[in-house]
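Undergrad: need a structure here:
(one chain, ligands or ions: 2)
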Amino acid sequence: MNRVVGIVSLIALISCGGPQESKEEKEVKEEKALIHSFARPGEARVNHLNLIASVDFENRKIIATAHYDIDAANDAEKIVFDTRNLSISKVFVDSVETKDWWVGPEVPFLGQPLEVTIKPQTKRVSIEYVTTDGAEALQWLNPQQTAGKKQPFLFTQSQAILARTWIPCQDSPGVRYTYEATVTVPSGLMAVMSAANPTEIDSSGVYHFEMEQPIPSYLMALAVGDLVFREVGANTGVYAEPSMVDATAFEFEDMQKMLESAESIYGKYAWDQYDVLLLPPSFPFGGMENPRLTFATPTILAGDKSLTALVAHELAHSWSGNLVTNRTWNDFWLNEGFTVYFERRIMEDVYGKEYADMLTLLGKQDLEKELKSLADSPEDTHLKLSLEGRDPDDGMSDIAYEKGYFFLRTVEENVGRERFDQFLNEHFSSNAFQTIITEEFLAHLKEDLLLNDEVKYKELKIDEWVYGPGLPDNCIEVSSTLFDQVNAQVEAFIAEEGTAAAIDTTNWTTHQWLHFLRQLPSDMGVAKMKDLDSRFSLTKTGNSEIAAEWFLRAIENNYSVADSAIEEFLIRVGRRKFLMPIYTALAEADPSKERATAIYAQARPNYHSVSTNSLDELLDFNSDGPTSK
Ligand code: BES
Ligand code: ZN
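TA: Ligands and ions are numbered 1, 2, ... in the order given. Alright, predicted model coming up:
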């Protein structure tokens, strides 16, 4: 099987890209960018997908035919798709069945190429297939795992390279296409996608979707369940299970304001409608920026809107990520660092500078912790990563998010906000619906923002930020008076005579609580933990962020009163960001890992593959064991 396309076939018929760039240059650039994909879009690329799918909950399968409109080069001989654990039954070229297709050997985490012989004039390729139990993007939930407990639920998580486990696709962020879909689900359930969505259940169980803006495959998304829609603002709304929709609409009441704030900073929202889908608690992420429909964990429903920075974050991806996309996962910081920067700008605009400063300081703490944990692999602390031959999931650390943020903040403070905003506005409008890599961004930055001032470029230590380890010493300083107040309380409390009764928590926000809990020593002892818990009922808190932080202190300090709450949390919640530190703390407290493994064995069936892949490794858990999915 020949995956290497000759240079001749690189000269394809693709427009777009900067005017100064030749087609050949663009092709070579694209070809180099295909580090986690078998596809060779220079030879033939998908430009539209029509997915006809039926969701079979009983057998936990999606049965589908995918019709692709393609653009083929003058000398194209084949089109290559990424697939992983898919069962392909038939292939058609321009509506005629062909036997001239084959699936290449399996490569770890990349899956298998599916090659179909075509002609340069081929317009359409269709693939009939069924998903298998190995479809890592999919999580099938039984009714017990939902809020309503009556209906099953399905959701997908395609980023980074899991789309290929439920749809054959050219699974590289550089390949964009529009799509439509017809999805049949059991009567009584609603299907929603990263597309224009229904607002009511259709008793026929057949739903039609259209996504008119071209998107990369990692943004393909589908969820099916007992869902209702509730409008929040003129073009914002929420989807949730019926019993959750009031709480969801309340928590995200400020969504329309956030959207308007975002537009006032970086220009018009390009995707028409912006909704949030509230998923069951096994969702492995906080949020996922599926276009038009952010997927979100219910663990951000704190009851007081205090965890909604996550909505600002996913909304911000509508510009950084979904509109201007990292061309490879090595440039992931262009998606996430920009998004954290934009998220904090939105939060500052809507809730004020003091609020945003607290988020920034918590982010700095996360960054410092991440830098420590990556001490043995300093190259993973560069903004520009090298993930060739590795699972892109390995590069998805706080470096991209927080080092990326602090880099942009440092540049902003140096050139001034007004100029920086002009520059970013231009960045989003001139690269809209395209992809970029780090080097292109740096070239723009040097030319358009720094006006080729070499001295300034050096002074900003840009190459050190992007291609060097750790945190450069010109990183901006941040402070928060609200956190300073907390620091004083921490000191007084941990002193020998300190008591919980003496802590003044008047008007503390969630973020102040988080800061407080993070400053507590890991060897503070059970008596102080007990004192805090009796005064503030932390073991019983309904705020997931506070709970997760408190549980870490409880484990470190052997505060066994929290044991059953920790177990209950780990069994109910599948969000990897919470699971990893808690299981790590459990494993550190008991190196035999007995307790961690016992809880994990019970909780694992509720977790998505994104979480089990990380946890199996952390706990040396044999996934072939009796608890495997
Ligand atoms: N796009 C990410 C989630 C993601 C990253 C999925 C990499 C797969 C691979 C999303 O926008 C995100 O960053 N989510 C964060 C929340 C955020 C507030 C930092 C999360 O899930 O914790
Ligand atoms: Zn993000």
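Undergrad: Show me which residues of the stretch 251-400 of the chain are close to ligand 1?
TA: Residues of the stretch 251-400 of the chain lying near ligand 1 by C-beta under 6 Å from any ligand atom: 285-289, 310, 313-314, 317, 336, 396. No exception for glycine: its C-beta is placed from N, CA and C like everyone else's.
Undergrad: Format the residues you listed as TSV; extra columns: secondary structure.
TA: As requested, those are exported to TSV (DSSP: H, G, I helix; E, B strand; the rest coil):
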residue	secondary structure
285	coil
286	coil
287	strand
288	strand
289	coil
310	helix
313	helix
314	helix
317	coil
336	helix
396	coil
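Undergrad: Pop the domain breakdown of this protein in here.
TA: Under the assignment automatic domain parsing, the domains of the chain span 1-32, 38-224, 227-316, 324-467, 485-626.
Undergrad: Out of the ones you listed, which is closest to residue 478?
TA: Residue 478 lies closest, by C-beta to C-beta, to one member of the domains of the chain: domain 324-467, at 5.0 Å.
Undergrad: Quick check: residue 580 touching residue 617?
TA: No. Under the criterion of C-beta atoms under 8 Å, residue 580 is not in contact with residue 617, lying 10.3 Å apart.
Undergrad: quick one: which of those two has more around it?
TA: residue 580 (14 against 10; other C-beta atoms under 10 Å).
Undergrad: In contact with the more buried one: list those residues for me.
TA: 614-615, 618 (C-beta atoms under 8 Å, 6 or more residues apart in numbering).
Undergrad: For the helix or strand where it lies, give the mean pLDDT please.
TA: Using DSSP states H and E, residue 580 maps to helix 576-589. Across helix 576-589, pLDDT averages out at 98.
Undergrad: let's have the chain start at 96 instead
TA: Understood, numbering begins at 96; the last thing we discussed is helix 671-684.
Undergrad: Would you mind writing the CA trace of it as CSV?
TA: The C-alpha trace of helix 671-684 is given here as CSV (Å, rounded to 0.1, in the frame of the first residue of the first chain):
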residue,chain,number,x,y,z
ARG,A,671,-10.9,13.7,33.3
LYS,A,672,-9.7,17.0,34.7
PHE,A,673,-11.1,16.0,38.1
LEU,A,674,-10.4,12.3,37.9
MET,A,675,-6.7,12.5,37.1
PRO,A,676,-5.6,14.5,40.2
ILE,A,677,-7.9,12.6,42.6
TYR,A,678,-6.8,9.2,41.4
THR,A,679,-3.2,10.4,41.5
ALA,A,680,-3.6,11.6,45.0
LEU,A,681,-5.2,8.2,46.0
ALA,A,682,-2.4,6.3,44.4
GLU,A,683,0.2,8.5,46.2
ALA,A,684,-1.5,8.1,49.6
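Undergrad: Give me the subset of the contacts of residue 675 lying in helices.
TA: If you go by DSSP state H, these have 709-710, 713 in helices.
Undergrad: got the buried residues for stretch 287-300?
TA: Buried residues in stretch 287-300, counted by 16 or more other C-beta atoms under 10 Å: 287-293, 296, 300.
Undergrad: so what's residue 648 up against?
TA: Going by C-beta under 8 Å, 6+ apart, residue 648 touches 612, 615, 617, 619, 624, 654.
Undergrad: Is the third one located within a helix, as I assumed?
TA: By that I understand residue 617. No. Secondary structure assignment (three-state DSSP) places residue 617 in coil, not in a helix.
Undergrad: What is the burial count for the closest residue to it other than its chain neighbours?
TA: Nearest non-adjacent residue to residue 617, counting by C-beta to C-beta, 6 or more residues apart in numbering: residue 651, 3.7 Å away. By other C-beta under 10 Å, 17 other residues sit near residue 651.
Undergrad: Dihedrals phi and psi, residue 651?
TA: Here is the backbone geometry of residue 651 (degrees, to the nearest 10): phi -60, psi -40.
Undergrad: Quick check: next helix or strand after the least confident helix or strand in the chain by mean pLDDT?
TA: In the chain, no helix or strand scores lower on mean pLDDT, DSSP states H and E than helix 118-127, which sits at a mean of 71. Where DSSP H and E defines the elements, the next helix or strand beyond helix 118-127 is strand 139-151.
Undergrad: Which elements pack onto that next one?
TA: Counting contacts by 3 or more C-beta pairs under 8 Å, 6 or more residues apart in numbering; DSSP states H and E, strand 139-151 is packed against strand 156-167, strand 173-178, strand 271-279, strand 317-320.
Undergrad: which non-adjacent residue is nearest residue 267?
TA: residue 132 (3.9 Å).
Undergrad: from memory that neighbour sits against residue 266, does it?
TA: Yes. Using C-beta under 8 Å, residue 132 is in contact with residue 266, at 5.2 Å.
Undergrad: ok, those two, which is more surrounded?
TA: Per other C-beta under 10 Å, whichever of residue 132 and residue 266 has more neighbours is residue 266, with 29 against 25.
Undergrad: so how far is residue 129 from that one?
TA: For residue 266, the distance to residue 129 (C-beta to C-beta, to the nearest Å) stands at 10 Å.
Undergrad: got it, and residue 298?
TA: Counting by C-beta to C-beta, the gap from residue 298 to residue 129 is 44 Å.
Undergrad: cool, and residue 587?
TA: With distances taken as C-beta to C-beta, residue 587 is found 57 Å from residue 129.
Undergrad: Look at the residue in the stretch 146-295 of the chain that ligand 1 sits nearest to and give its secondary structure.
TA: Taking C-beta to the nearest ligand atom, ligand 1 has its nearest neighbour within the stretch 146-295 of the chain at residue 254, 3.7 Å off. Of the three states, residue 254 takes coil under three-state DSSP.
Undergrad: List the residues that contact it.
TA: 313-314, 383.
Undergrad: Out of the residues you listed, which end up buried?
TA: 313-314, 383.
Undergrad: can you pull out the helices in the stretch 296-445 of the chain?
TA: Taking DSSP state H, counting those that start in this stretch to define them, one finds helices in the stretch 296-445 of the chain at 340-346, 350-361, 404-411, 427-446.
Undergrad: As a markdown table, those with mean pLDDT would be great.
TA: Listed next are the helices of the stretch 296-445 of the chain as a markdown table, based on pLDDT from 0 to 100:
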| stretch | mean pLDDT |
| --- | --- |
| helix 340-346 | 98 |
| helix 350-361 | 98 |
| helix 404-411 | 98 |
| helix 427-446 | 98 |
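Undergrad: can you redo those as a markdown table with distance to residue 551?
TA: Formatted as a markdown table, the helices of the stretch 296-445 of the chain follow (distance: least, C-beta to C-beta, whole Å):
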| stretch | distance to residue 551 |
| --- | --- |
| helix 340-346 | 43 |
| helix 350-361 | 24 |
| helix 404-411 | 27 |
| helix 427-446 | 20 |
